[in-house]
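>>> everything below, folded, please.
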Amino acid sequence: MTNHPETVLEIETESDPGVFDALGQVADAFARLMDALPGWLLIVLFAIIAIGIGVVVGLKLKRPQKEPEPEPVREEPVIRRALPAPESPAFIKYQEFLEKKDVPAKEFDSQMRAFAERFREMRQSLRDLIPGDKGLDGSVEEVRDALDAGDFDQTLLLLTEIGKRENADGEEKHKTAQKHLMAAAVSRSVAGDMEMAMMAYDKAAEHYRQAIVSLPDYQEDTHAEYLNKYGTAAYQAGEHETAIAAFERALQILERRLGQSHPDVATALNNLALLHYSRGNYDAAEPLYQRSLAIDEQTLGIDHPGVATDLNNLALLYKKQGNLEGAEPLLKRAMEIKEKQFDPGHPSLVTGLKNYASLLRALGREEEADVFERKATVLPPKRTGIAAE
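Reported below is the predicted structural model:
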């Protein structure tokens, strides 16, 4: 078998010797011309060429740029309320109504436009009207048709009837709903009382909160009572911020309902002050205690046990603040009130005597402190008789 060698193709370029000869002759002629010209003329020639190039470039640069076309201004459409079509029965009837009223021509158009707006609103309201009494569905359809037909007297008659019947049904259902809500509130409040007795303070607070939510709005006095219970339970559960908010709301209700100088307002002030005191916020507690004391002195009398409680609380606050001199006359007066009101050995009197004796010792009045401590050990009359037997 014969091996054939691979064929390599080459592309040969042929040039015309006549063309190169002509170019060479032109170049030689240009060179001889340049040699023949004097030097100064060459300089002038090159300067002229340079100036020409500069002029061309300058004209190119100075050519004005095309200004961008301004953005088209977008115009917002003007919304206009369309009047009812002239052939609308309601529109025609209202025109007739205005004519009978002898409405001046200059007011006629404005009245028609106002009616058009009201007509649109009335139709929308009637489309949204869903009566609670399903038996009135037909009446609602009738009133819609009457309005569209321009029968305004019939429209008013039907609307009045629908309003009366729905109002009567609504009032009856409202009374029933209020009874249900009141029953729910009382039940939840009693459940809270039971949880408080079982010392489940967090659960009690939740029952009181639910009772407040269920309570009808008009039961403001009960609302304040439940808020005080809620605040007390929240305080016992360690929710002090919640307790403060509850006591403050109760105080606002009582002040509005009973006035600024009612004994119940004094109790609410004392509760709120006690909470601030327990948190060490003495500056907030002091004015509340002072106001509670002033109300009770005015309404209960200066020798009432409630006044003794106020005096005791304010004195203990002063003692916490280190104001022993300010606390001493308050505790002494509280003890004296209790001695008038209670028999020897009464727990409240015993507490008052011990508090006063403790303060006297803090003031360095030891002998006086011993006297009141001995008084605190006296048994009640009945127990004294039993001990003698």
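
>>> buried residues in stretch 249-257, which are they?
Buried positions in stretch 249-257, judged by neighbour count with 16 or more other C-beta atoms under 10 Å: Arg249, Ala250, Leu251, Ile253, Leu254, Glu255. C-beta: built from backbone N, CA, C; applies to glycine.

>>> quick one: residues contacting the closest residue to Glu206 other than its chain neighbours.
Among residues not flanking Glu206 along the chain, Gly192 sits closest, at 8.0 Å (C-beta to C-beta, 6 or more residues apart in numbering). Neighbouring residues of Gly192 by C-beta atoms under 8 Å, 6 or more residues apart in numbering: Ala204, Ala205, Glu206, His207, Tyr208, Ala211, Lys229, Tyr230, Ala233.

>>> which member of the residues you listed is positioned nearest Gly306?
Lys229 (19.6 Å; C-beta to C-beta).

>>> give me the helices and strands touching the helix or strand where that closest one lies, please.
Using DSSP states H and E, the element containing Lys229 is helix 220-236. Packing contacts for helix 220-236, counted by 3 or more C-beta pairs under 8 Å, 6 or more residues apart in numbering; DSSP states H and E, involve helix 152-197, helix 201-214, helix 240-258, helix 263-278.

>>> in that helix, which residues are buried?
For helix 220-236, by 16+ other C-beta under 10 Å, it's 222-236.

>>> just the mean pLDDT for stretch 194-212, thanks.
Over the span of stretch 194-212, the pLDDT mean works out to 96.

>>> gap between that stretch and the chain center?
28 Å (C-alpha atoms, centre = their mean, to the nearest Å).

>>> using CSV, write out the CA atom coordinates for that stretch.
The C-alpha trace of stretch 194-212 is given here as CSV (Å, rounded to 0.1, in the frame of the first residue of the first chain):
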residue,chain,number,x,y,z
MET,A,194,-61.7,32.8,97.8
GLU,A,195,-58.2,32.8,96.2
MET,A,196,-57.1,35.5,98.6
ALA,A,197,-58.3,33.5,101.5
MET,A,198,-56.3,30.6,100.2
MET,A,199,-53.3,32.9,99.8
ALA,A,200,-53.1,32.3,96.0
TYR,A,201,-52.5,35.9,95.3
ASP,A,202,-51.6,35.7,91.7
LYS,A,203,-54.7,33.7,90.9
ALA,A,204,-56.8,36.1,92.9
ALA,A,205,-55.4,39.1,91.0
GLU,A,206,-56.4,37.4,87.7
HIS,A,207,-59.9,36.8,88.9
TYR,A,208,-60.2,40.5,90.0
ARG,A,209,-58.8,41.6,86.6
GLN,A,210,-61.4,39.6,84.8
ALA,A,211,-64.2,41.0,87.1
ILE,A,212,-63.1,44.5,86.2
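
>>> show residues contacting that stretch.
For stretch 194-212, contacts defined as C-beta under 8 Å, 6+ apart pick out 184-189, 191-193, 223, 226-227, 229-230, 232-234, 236-237, 239, 242.

>>> what residues of it count as buried?
Using 16+ other C-beta under 10 Å as the test for burial, stretch 194-212 gives 195-196, 200-201, 203-212.

>>> then stretch 112-131?
Under the neighbour-count criterion of 16+ other C-beta under 10 Å, stretch 112-131 has Met112, Phe115, Ala116, Phe119, Met122, Leu126 buried.

>>> using CSV, write down the CA coordinates of stretch 261-276.
Provided in CSV are the C-alpha atoms of stretch 261-276 (Å, rounded to 0.1, in the frame of the first residue of the first chain):
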residue,chain,number,x,y,z
SER,A,261,-62.7,64.8,101.0
HIS,A,262,-64.5,61.5,101.3
PRO,A,263,-63.4,58.8,103.8
ASP,A,264,-63.2,56.3,101.0
VAL,A,265,-60.8,58.7,99.2
ALA,A,266,-58.7,58.7,102.3
THR,A,267,-58.6,54.9,102.4
ALA,A,268,-57.5,54.8,98.7
LEU,A,269,-54.8,57.4,99.5
ASN,A,270,-53.6,55.4,102.4
ASN,A,271,-53.4,52.2,100.3
LEU,A,272,-51.4,53.9,97.6
ALA,A,273,-49.1,55.5,100.1
LEU,A,274,-48.5,52.2,101.8
LEU,A,275,-47.4,50.6,98.5
HIS,A,276,-44.9,53.4,97.9
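
>>> most centrally placed residue in this protein?
Centroid check for the chain by C-alpha atoms, centre = their mean gives Ala245 as the closest residue, at 16.1 Å.

>>> got the contact list for the closest residue in space to it that isn't next to it in sequence?
Nearest non-adjacent residue to Ala245, counting by C-beta to C-beta, 6+ apart: Gly231, 7.9 Å away. Taking C-beta under 8 Å, 6+ apart, we find Gly231 in contact with Thr242, Ala243, Ile244, Ala245, Ala246, Phe247, Ala250, Asn271, Leu275.
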